[in-house]
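**Q** My questions are about this predicted structure, shown below with the sequence.
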Amino acid sequence: MHRLKDINWNHLYAFYEVAKAQSLQGGAEVLKLSPSTLSEQLKKLESRFNKKLFKRGSKGLLLTNEGAALFEHSKIMFEEGSRVLEKFSDNDIGGYPVNIGIEESISYDLAVDFASQYWDSYAPFGTVNTVRQIEHETLIYNLVNDNIDWAVSLRKPKRKQLDFAEIDSFEVIFACSIELYDKFKNKEDILINIPFAETSIDKNINKIIYQHLAKHGVRPKEKIHSDHPKFIQNLCQRGRCVMFMAKNPLNLYPNLKVFSLKEVLRLPLYVIWKRKEENLISIKKLKELIQTKFSNLPDRYEDIELQIEASDVSDDLLK
């Protein structure tokens, strides 16, 4: 029976890097070893487990079924190991994926755009995943319990172990079909006479919206609600209802006419992270991005070479 002390962890890490690179030569470059030395380490690991981990294919090394299973487990182990090293080191190590919790709300599109910009910042160190959070309390629970690395929310956290910053404030706008908009002399009358669609996702936002409308003397005659934003948008584009949304500086609104009341309604959008992890490169990159004005972000989408460089793609694979 094998115990942890019986395993040569250098050999297991060598397997992990070769499996990631899908190449003995690629793994050797990462580990700064000769291919022959690395090949010998892999043979010893296979002998220790008494399993064949690689097979040679037309395009290089391929994982066997046993090798694929070992890679999935070793991937989790070494990614978490990178986090541990980074927490107790002054160096930016990376090598682990980041999970972002995004609260389901009208700010969803803005939050996703911010997260995609974060990918550009963090790409040299790892990948980025997003996780849908149905409500604020669930988001906070998952953040505190390390199920996500940082989060985007419309509300500030109350727990002392969490820190936060405002990304930006966003304007809440109203929308209806272009044809419907052109039928009315005053836009306030659209909000009063056409069914007003509210979200079932965040009741607090609905309350804020209705207070804003009442302040302008607008009281919708009829309301509809849905758990499905696409359903509301589909109805809105067909002129069946009027809806509200977060104004996204990065998007246009096809087949919709957007408008505001005399006084613009703005809501803050926050990012939240754990104070104890501020020395991680994942949070350092987040804090750097926070300093960037959101409306200026589109320019950062144009770097086509970024992912090729971050993924260490070999030149012989490129045109």
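**A** Yep, that arrived.

**Q** Report how many residues lie close to the closest residue to residue 285 other than its chain neighbours.
**A** Excluding the flanking residues, the one nearest residue 285 by C-beta to C-beta, 6 or more residues apart in numbering is residue 121, at 4.3 Å. All C-beta spots, glycine's among them, are computed from the backbone N, C-alpha and C. Residue 121 has 19 neighbouring residues, counting by other C-beta atoms under 10 Å.

**Q** cool, the one 3 residues further on as well?
**A** Residue 124 sits with 16 neighbouring residues when counted by other C-beta under 10 Å.

**Q** quick one: it and residue 114, what's the gap?
**A** Distance, residue 124 to residue 114, by C-beta to C-beta, to the nearest Å: 19 Å.

**Q** Could you do residue 108 as well?
**A** 11 Å.

**Q** got it, and residue 259?
**A** Distance of residue 259 to residue 114, given as C-beta to C-beta: 25 Å.

**Q** which of those two has more neighbours?
**A** Shown here are residue 259 and residue 114; by other C-beta under 10 Å, residue 114 has more neighbours (24 against 14).

**Q** Would you double-check that that one falls in a strand?
**A** No. Applying DSSP: H, G, I helix; E, B strand; the rest coil, one finds residue 114 to be helix, outside a strand.

**Q** Would you confirm that it contacts residue 167?
**A** Yes. Using C-beta atoms under 8 Å, residue 114 is in contact with residue 167, at 5.9 Å.

**Q** Surely residue 35 is in contact with residue 28?
**A** Yes. Counting by C-beta under 8 Å, residue 35 touches residue 28, with 4.7 Å between them.

**Q** higher neighbour count, the two?
**A** Using other C-beta under 10 Å as the criterion, residue 35 and residue 28 rank with residue 28 on top: 20 against 15.

**Q** Who are the contact partners of that one?
**A** Residues in contact with residue 28 (C-beta atoms under 8 Å, 6 or more residues apart in numbering) are 34, 35, 37, 38.

**Q** ok, now residue 140?
**A** Contact partners of residue 140, counting by C-beta under 8 Å, 6+ apart, are 151, 157, 159, 162, 272.

**Q** what bridges to the last one?
**A** It stands for residue 272. residue 151, residue 164 (DSSP bridges).

**Q** Surely residue 245 is in a strand?
**A** Yes. When classified by three-state DSSP, residue 245 is found to be part of a strand.

**Q** pretty sure it contacts residue 106?
**A** Yes. With contact defined as C-beta under 8 Å, residue 245 reaches residue 106; the gap is 5.7 Å.

**Q** Between those two, which is the more surrounded one?
**A** The neighbour count for residue 245 versus residue 106, taken as other C-beta under 10 Å, is higher for residue 245 (25 against 22).

**Q** That one and residue 170, how far apart?
**A** Taken as C-beta to C-beta, the span from residue 245 to residue 170 is 10 Å.

**Q** same question, residue 310
**A** 29 Å.

**Q** who has more neighbours, those two?
**A** The residue with more neighbours, out of residue 310 and residue 170, is residue 170; 23 against 16, by other C-beta under 10 Å.

**Q** residues contacting residue 126?
**A** Taking C-beta under 8 Å, 6+ apart as the test, what residue 126 contacts is 79, 94, 95, 96, 97, 98, 282.

**Q** Just send these back as CSV, with secondary structure, neighbour count and distance to residue 233 too.
**A** Shown next, in CSV, are the contacts of residue 126 (DSSP: H, G, I helix; E, B strand; the rest coil; neighbours: other C-beta atoms under 10 Å; distance: C-beta to C-beta, whole Å):
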residue, secondary structure, neighbour count, distance to residue 233
79, helix, 16, 37
94, coil, 20, 38
95, coil, 15, 39
96, coil, 24, 36
97, coil, 15, 31
98, strand, 24, 29
282, helix, 25, 33
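
**Q** and of those, the nearest to residue 196?
**A** Distance to residue 196 across these (C-beta to C-beta) is lowest for residue 98, with 38.0 Å.

**Q** surely the closest one meets residue 121?
**A** No. Judged on C-beta under 8 Å, residue 98 makes no contact with residue 121 at a distance of 10.3 Å.
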